[in-house]
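*Asks:* A predicted structure for the sequence below; I have some questions about it.
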Amino acid sequence: MKKLNKSVLTLLAILTTVLAASIASSACLWYYYQPEEPKSLSEE
Amino acid sequence: MERLADSIATRISLELNLDKDNKEVIAYGTFGLLQILFSIGLVFFFGWIFNVAFEALIISFTGAVLRKYSGGSHASSPGICTFIGTTVCVLPAVLMYFLIGLYQNMGIVIIFGIIIFIWSYFELYKVAPVDNVKKPIKTEHKRKLMKKNSMIVLSLYLTIVTFCIILYVNTGEKKFLVYSTCLYAGIIWQIFTLTKQGHLIMNKIDAFLSNSLFNVRR
């Protein structure tokens, strides 16, 4: 059960990281709100 | 929603032994995922209530995809963002459905289309992409790439509208005119938020909602 839980969390971590990278490469998130972007994602 | 995203990210990073940078990225992605799903869900729900779910989703996706490359004015909180987003998708969808039902006139739809697309290309060329303080576009290369992608997206919309009008000519089904006008509605509002007047109106709506419906204690 714990192994399954870890697999689900890993999958979620991958999904959200890919989504975060995708949002970082665009002008805004979806509609009209833009949260503070993490420093590690912002371009130099 | 930001707190929920943070707690999910904390749980994931603790379980997977991730560092602070990774946790921030996961929190950012989780917030994005929740905000997108919540926004689409609300547009679908209210669209379904007014029997225009598909039309409202067309407006929603048209504006959101163009916005990803062209940017625009922003709301001060996720709640206000969702409220404005849902309103500008569902109300025009109801209006377009009603108007096309009353005046099924292809000529007017084409004339409006020509005006809207000329204005949109002009505004995109002139001002896009419009960034904001929380997510500034720092390099000229990225700015040019975003402008180019905005133009490509708008051209894609032009192709879809043309295709819908051809389908209307061949089938006579009014739904294709409704879809075309829904694309117009999504484009008009998104392009409007790029302009100075759009920023002014959005700021006023935002201030009004902050002080009334979303009166958050800071």
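*Replies:* Cool, the structure landed.
*Asks:* nearest residue to the middle of chain A?
*Replies:* A:Ala20 (2.9 Å; C-alpha atoms, centre = their mean).
*Asks:* need the contact list for that one.
*Replies:* Counting by C-beta atoms under 8 Å, 6 or more residues apart in numbering or on different chains, A:Ala20 makes contact with A:Pro38, A:Leu41, B:Val25, B:Ile26, B:Tyr28, B:Gly29, B:Gly32. For every residue, glycine as well, the C-beta is placed using N, CA and C.
*Asks:* hmm, which of those residues is lowest in pLDDT?
*Replies:* Among these, A:Leu41 carries the lowest pLDDT, at 77.
*Asks:* how about that residue: what's its closest non-neighbour residue?
*Replies:* A:Ala24 (4.2 Å; C-beta to C-beta, 6 or more residues apart in numbering or on different chains).
*Asks:* so for stretch B:134-147, what gets flagged as buried?
*Replies:* B:Lys135, B:Ile137, B:Met146, B:Lys147 (16 or more other C-beta atoms under 10 Å in any protein chain shown).
*Asks:* restrict those to those near chain A?
*Replies:* The subset of the buried residues of stretch B:134-147 within reach of chain A, by C-beta under 8 Å from any C-beta of the partner chain, is B:Lys135, B:Ile137, B:Met146.
*Asks:* sorry, back to before: ok, the buried residues of stretch B:134-147 vs B:Leu14, which is closest?
*Replies:* B:Lys135 (27.9 Å; C-beta to C-beta).
*Asks:* confirm for me that the closest one is in contact with A:Ala27.
*Replies:* Yes. With contacts counted by C-beta atoms under 8 Å, B:Lys135 reaches A:Ala27, the gap being 7.3 Å.
*Asks:* near chain B at all, stretch A:25-35?
*Replies:* Yes. Residues of stretch A:25-35 contacting chain B under C-beta under 8 Å from any C-beta: A:Ser26, A:Ala27, A:Cys28, A:Leu29, A:Trp30, A:Tyr31, A:Tyr32, A:Tyr33, A:Gln34, A:Pro35.
*Asks:* mind checking the SS state of the first one?
*Replies:* Yep, that's A:Ser26 we're talking about. Under DSSP: H, G, I helix; E, B strand; the rest coil, the three-state class of A:Ser26 is coil.
*Asks:* excluding its backbone neighbours, what's nearest it?
*Replies:* What sits nearest to A:Ser26 in space, not counting adjacent residues and going by C-beta to C-beta, 6+ apart, is B:Lys68, at 4.0 Å.
*Asks:* returning to what we had before: switch the ones next to chain A among the buried residues of stretch B:134-147 over to JSON lines; also include pLDDT and secondary structure.
*Replies:* Shown next, in JSON lines, are those (pLDDT from 0 to 100; DSSP: H, G, I helix; E, B strand; the rest coil):
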{"residue": "B:Lys135", "pLDDT": "77", "secondary structure": "strand"}
{"residue": "B:Ile137", "pLDDT": "80", "secondary structure": "coil"}
{"residue": "B:Met146", "pLDDT": "90", "secondary structure": "helix"}
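*Asks:* quick check: mean pLDDT of the helix or strand in which A:Val8 is found?
*Replies:* Per DSSP states H and E, A:Val8 falls inside helix A:2-24. Confidence over helix A:2-24 (mean pLDDT, whole number) is 83.
*Asks:* how far does that helix sit from its chain's centre?
*Replies:* Computed by C-alpha atoms, centre = their mean, to the nearest Å, the separation of helix A:2-24 from the middle of its chain amounts to 8 Å.
*Asks:* do stretch B:59-77 as well
*Replies:* A distance of 4 Å separates the centroid of the chain from that of stretch B:59-77, by C-alpha atoms, centre = their mean.
*Asks:* what do you get for stretch B:120-135?
*Replies:* Computed by C-alpha atoms, centre = their mean, the chain-centroid distance of stretch B:120-135 equals 14 Å.
*Asks:* stretch B:209-218 now?
*Replies:* Relative to the chain's own centre, stretch B:209-218 is displaced by 23 Å; criterion: C-alpha atoms, centre = their mean.
*Asks:* appreciated, that's everything.
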